[in-house]
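> Got a predicted structure plus its sequence, pasted below:
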Amino acid sequence: MMRRTPVKSRRGQFLILSALGIVIMMITLSSLLAYTSLSRISLEKTDFRRVTAEVNLNFRRALATSLAEVSKKLDFKASVSRYSNYTTLNDYPDAKLGGYEFMTQWQKTILASYSGLGLNLSVSRPLFQCAWNSSSGYSKVSSNITLDILNYGFYGWRSQASIELNVTILGLDLNRTDGRTVAFYFYVGKENGVPVSGLSENYAFILFKHVESDQLTLSKNFSLTYLGGGHYLANFTMYSTTILEGLDQIKDFIWENMTEEDFKPEYRENITETKSQLCSMVDEVIEKYNSSQLVQAYVNLTDDVRPKLNPEAPNSSRWVTEDANTTYVLALIDVVRTQLTPTVRIGLQDSRGIIVGAVRTLANYEEDTAGPRVKSIYASPSPTHGLSTVTLTATIDDLLTGFSNIEYVEYFVNETGPNGSGTPMSPSDGSFDSPSEEATAEIDVSSWAPGNYTIYVHGRDAAGFWGEARSITIEVTESQVMYVSNIEMYLYRWWFFYRAKAVVTILDGDGNPVENAMVYGHWSGSVSGDVNAQTNELGQVSFWSPWVWGRRRLTFTFTVDDVVLEGYVYDPDLNVETSDTIRT
């Protein structure tokens, strides 16, 4: 007989299992709660000065980008017509629209990026200007910015910014110009008179114009050589023949291809004499060219030779009949005229993407009658802050005063003396061998008492002419002190990992930011390690700690050990704080 399990017994087992499950769930929940902790949220403190500086820098970059957009649109429009038109914004004002649109979008982006600061930002309508139709072309933009940061009670900050790229075509280099190849100098600068270096053939183009037409021809073979101080030498291929070869071909055509029927009756009687006179006129052109009088050679070829062989010239000027077939020789003459006084257009794009252009008919000076000019002069450091040596740098050029090579550069202290009696300066590239040279000198000021000193610089060209002196003031001062004005600490978390950032600010004795100071420090507490880095233009430098696991309470301490910068003395006693700590 089979026994049946009592119902009561089964219910008891179920209650026991249920209770056991509840206990297990409570133990599991308790374990999870044991590993759960509350962490402090550290909000990064925003410095309104830093925000203002960042917005201002971004504003200048945005203006440069907007100008690049405008200049590219204008350049594309001009290139379609081979730069015979659309070389100013007045020709194509729609090019500005892209620039306006970019600045509007930039303003929206900035407002969104700093939305938590109560930022008020007002930007005036940018003034775009592009003019590439003269020997000095420019592309520039200017605008004003007004800034308020309401959350910090910072109101009424205003700034005006101008961005510019300009190019000036200066003149021929006769030593490298023969008509087949043409060499000329040009200068490239940007806002505040800063010279532009580093341009390459990949971001430039050169066109030349035939003397009897407005059509421009693109040179497919050219090179750029940087001379320093924003000056360049451009070499490009114009035609397959030189000037002298072209003049010889003109003479050959006159002797071998022209017949009596080509000349008017009064010149047929002695055809040999007529041809001889014409060739003598060409020889005079050759003589002028060989003596580097290219302008005079052009005038002789244009006024004396060409009209006599042109069937369409007035009867009183021409020696040939109206039916004479002199098309070929006239074309030869026009090629040589183009080579003697080439009209060139250059287009450039800088690293910011801004495009600029210029056009000029190149004509050499017949003789050098003036000395070189001092285009720029710098002295560093000034103030000296206790340093014993000052580097003097000057750019001397004869590009606008005769195109002779620079031969000698000198400087005087406080007052000028007789020419040649100053202290000589050395060429930066090792030799004085071009019309534009950068010269340097190391001036020992260790024995100079604190005060201002005037330095005069001038140079002499290869033609023997001295240029006028240009001056600069050197301020000799004692060593400047610097100190740590602030250490800002920030905490960052990723899951259960933490790290800290320390932002150190270095100021000088006058409360000004110290740039390029090397700050040495170390981390301690829950992390360790020695670090060093240089301050930026705001006098600030950031240091990051290593990541560390954060199951326990963590401490991050940063301490400044030393600050080093030539010409400055670090005084820890002036520090507002030398160490700072942040905890999880």
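Done, it's in.
> Give me the most central residue, the chain.
Nearest residue to the geometric centre of the chain (Cα atoms, centre = their mean): Val196, 4.1 Å.
> Now do the same contact list for it.
Neighbouring residues of Val196 by Cβ atoms under 8 Å, 6 or more residues apart in numbering: 165, 188-190, 230, 350. Where C-beta positions appear, they are placed from N, C-alpha and C, glycine not excepted.
> Also Asn221?
236-237.
> With Gly459 as the reference, measure out to Phe432.
Separation of Phe432 from Gly459 (Cβ to Cβ, to the nearest Å) stands at 9 Å.
> And the strands in the stretch 101-250 of the chain?
In the stretch 101-250 of the chain, strands defined by DSSP state E, counting those that start in this stretch lie at 119-123, 127-131, 136-149, 154-172, 181-190, 204-209, 216-218, 222-228, 231-237, listed in chain order.
> what's the answer for the stretch 301-450 of the chain, then?
343-349, 355-361, 373-380, 389-397, 406-413, 423-424, 426-427, 436-444.
> Any chance of those strands in TSV with distance to Lys275, mean pLDDT and mean neighbour count as columns?
Formatted as TSV, the strands of the stretch 301-450 of the chain follow (distance: least, Cβ to Cβ, whole Å; pLDDT from 0 to 100; neighbours: other Cβ atoms under 10 Å):
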stretch	distance to Lys275	mean pLDDT	mean neighbour count
strand 343-349	32	94	23
strand 355-361	32	92	22
strand 373-380	49	90	18
strand 389-397	46	93	22
strand 406-413	46	96	21
strand 423-424	58	97	12
strand 426-427	52	94	16
strand 436-444	46	93	19
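> Could you say which one of these comes nearest to Ile582?
Closest approach to Ile582 among the strands of the stretch 301-450 of the chain is made by strand 373-380 (39.5 Å; Cβ to Cβ).
> Who does that closest one pair with, and is each partner parallel or antiparallel?
strand 389-397 (antiparallel) (DSSP bridges).
> distance between the strand it pairs with and the chain's centre?
20 Å (Cα atoms, centre = their mean, to the nearest Å).
> which residues are contacting that strand?
Outside strand 389-397, the residues touching it (Cβ under 8 Å, 6+ apart) are 228-229, 231, 372-382, 384, 406, 409, 411, 425, 428, 435-446, 455, 457-459, 467, 470, 472, 474.
> quick check: angle from it to strand 436-444?
Going by axes from the mean of the first three to the mean of the last three Cα atoms, to 10 degrees, strand 389-397 is angled at 160 degrees with respect to strand 436-444.
> what stretches of the chain score poorly on pLDDT?
For the chain, the stretches flagged by pLDDT under 70 are 1-15, 17, 23, 27-46, 364-368, 399-400, 402-403.
> Which elements pack onto the helix or strand harbouring Ala53?
In this structure, Ala53 sits in helix 48-80 according to DSSP states H and E. Helix 48-80 sits against helix 96-113, strand 119-123, strand 127-131, strand 136-149, strand 154-172, strand 355-361, with contacts defined as 3 or more Cβ pairs under 8 Å, 6 or more residues apart in numbering; DSSP states H and E.
> out of these, deepest packed?
Mean neighbour count, computed with mean count of other Cβ atoms under 10 Å, is highest for strand 355-361 among the helices and strands packed on helix 48-80, reaching a mean of 22.
> And for that one, what's in contact with it?
Outside strand 355-361, the residues that reach it (Cβ under 8 Å, 6+ apart) are 68, 71-72, 74-75, 78, 83, 87, 130, 132-139, 165-169, 186, 188, 341-350.
> Now list whatever residues contact both of Phe432 and Gly459.
By Cβ under 8 Å, 6+ apart, the residues touching both Phe432 and Gly459 are 406-409.
> Now the two most distant members of these.
Glu407 and Val409 (8.6 Å).
> overlap in contacts of those two?
Contacts common to Glu407 and Val409, judged by Cβ under 8 Å, 6+ apart, are 432, 459-460.
> Let me have those in JSON lines, adding neighbour count and distance to Val576 as columns.
Compiled in JSON lines, the shared contacts of Glu407 and Val409 are given as follows (neighbours: other Cβ atoms under 10 Å; distance: Cβ to Cβ, whole Å):
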{"residue": "Phe432", "neighbour count": "20", "distance to Val576": "52"}
{"residue": "Gly459", "neighbour count": "28", "distance to Val576": "50"}
{"residue": "Arg460", "neighbour count": "22", "distance to Val576": "55"}
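> ok, so of those, who is nearest Leu147?
Closest to Leu147, out of all of the shared contacts of Glu407 and Val409 and judged by Cβ to Cβ, is Gly459, at 45.8 Å.
> isn't that closest one right up against Val374?
Yes - because the distance of 7.0 Å satisfies Cβ atoms under 8 Å, Gly459 is recorded as touching Val374.
> so what sits against both of these two?
Counting by Cβ under 8 Å, 6+ apart, the residues touching both Gly459 and Val374 are 396, 467.
> Kindly state the domain boundaries assigned to the protein.
48-237, 243-340, 373-476, 480-583 (automatic domain parsing).
> Nearest to Ile24, out of the ones you listed?
Across the domains of the chain, closest to Ile24 is domain 480-583 (Cβ to Cβ), at 25.1 Å.
> Could you give the separation of the closest one from the chain centroid?
Counting by Cα atoms, centre = their mean, domain 480-583 comes out at 34 Å from the chain centroid.
> what bridges to the nearest residue to Ser122 once chain neighbours are set aside?
Leaving aside its sequence neighbours, Ser122 sits nearest to Thr146 (Cβ to Cβ, 6 or more residues apart in numbering; 4.3 Å). Under DSSP bridges, the beta-bridge partners of Thr146 are Ser122, Arg158.
> Could you measure from Thr146 over to Asp214?
Counting by Cβ to Cβ, the gap from Thr146 to Asp214 is 46 Å.
> how about Gly21, phi and psi?
With angles defined as degrees, to the nearest 10, Gly21 sits at phi -60, psi -40.
> show me what contacts the closest residue to Trp494 other than its chain neighbours?
Spatial nearest neighbour of Trp494, chain neighbours left out: Trp547 (7.6 Å); criterion: Cβ to Cβ, 6+ apart. Contacts for Trp547 (Cβ under 8 Å, 6+ apart) come out as 494, 497-499.
> how about the strands of the stretch 301-450 of the chain in TSV, adding distance to Asp283?
Formatted as TSV, the strands of the stretch 301-450 of the chain follow (distance: least, Cβ to Cβ, whole Å):
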stretch	distance to Asp283
strand 343-349	26
strand 355-361	25
strand 373-380	38
strand 389-397	36
strand 406-413	34
strand 423-424	46
strand 426-427	41
strand 436-444	35
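> Let me know which of these is the nearest to Gln293.
Using Cβ to Cβ, the strands of the stretch 301-450 of the chain put strand 355-361 closest to Gln293, at 16.2 Å.
> Work out the sheet partners of that closest one and label each with its direction, please.
Sheet pairing for strand 355-361, using DSSP bridges, gives strand 343-349 (antiparallel).
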